[in-house]
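1. Structure for the following, please:
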Amino acid sequence: MRASEIATRTVRHLEGHGTLLDITDAKVEAGERTLKVPRMLQPLLGDLAKGKKPHDRLFGEVKRPGRHGARAARDACEGGA
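-> Numbers count the residues shown, from 1 in each chain. Got it, this is the predicted structure:
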């Protein structure tokens, strides 16, 4: 599973009372699938979904640093920022 596939899951992707997770936006069509959620993760994902709307992300908003963010991180590591 790609990190982006996990990070972009919304509440509506969690099916079957938290037992299934739909992957609907994979890089390739063959990557679209429904995964069984391990029993130990089901209550955790259920807790993440509580109080959220169907279109809300399970793990909250994920910001990708992009080119500018990567450059800022490199500069900070090199002592330039």
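2. okay, CA-based contacts and neighbour counts for the rest of this
-> OK.
3. Next, work out how far apart residue 37 and residue 12 are.
-> Distance of residue 37 to residue 12, given as Cα to Cα, to the nearest Å: 14 Å.
4. next one: residue 23
-> Looking at residue 23 against residue 12, where the rule is Cα to Cα, the gap reads 11 Å.
5. quick one: the strands in the protein?
-> Assignment of strands within the chain using DSSP state E yields the ranges 14-15, 20-23, 33-36.
6. So for residue 58, which of the ones you listed sits nearest?
-> With Cα to Cα as the measure, strand 14-15 is the member of the strands of the chain nearest residue 58 (8.8 Å).
7. which helices and strands does that closest one pack with?
-> strand 20-23 (3 or more Cα pairs under 8 Å, 6 or more residues apart in numbering; DSSP states H and E).
8. buried sites along the strand it packs on?
-> 20-23 (16 or more other Cα atoms under 10 Å).
9. Please identify which of these is nearest to residue 5.
-> The shortest distance between residue 5 and any of the buried residues of strand 20-23, using Cα to Cα, involves residue 23 and amounts to 6.7 Å.
10. show me what contacts that closest one?
-> Contacts were defined as Cα atoms under 8 Å, 6 or more residues apart in numbering; by that measure residue 23 touches 5, 9, 13, 31-35.
11. got TSV for those, with neighbour count too?
-> What follows is the contacts of residue 23, written out as TSV (neighbours: other Cα atoms under 10 Å):
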residue	neighbour count
5	16
9	21
13	19
31	14
32	14
33	13
34	14
35	13
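12. okay, these in CSV with pLDDT and distance to residue 45 next?
-> Converted to CSV, the contacts of residue 23 look like this (pLDDT from 0 to 100; distance: Cα to Cα, whole Å):
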residue, pLDDT, distance to residue 45
5, 79, 15
9, 88, 11
13, 91, 11
31, 67, 22
32, 80, 20
33, 86, 18
34, 88, 15
35, 87, 13
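13. Flag the shaky bits of this protein, pLDDT-wise.
-> Counting by pLDDT under 70, the chain has low-confidence residues at 1, 26-31, 62-76, 79-81.
14. try 80 this time
-> Applying pLDDT under 80 to the predicted model, the residue ranges of the chain that meet it are 1-5, 25-31, 61-81.
15. circling back to that earlier point, identify, from the buried residues of strand 20-23, the entry nearest to residue 42.
-> The shortest gap between residue 42 and any of those belongs to residue 20, at 8.8 Å (Cα to Cα).
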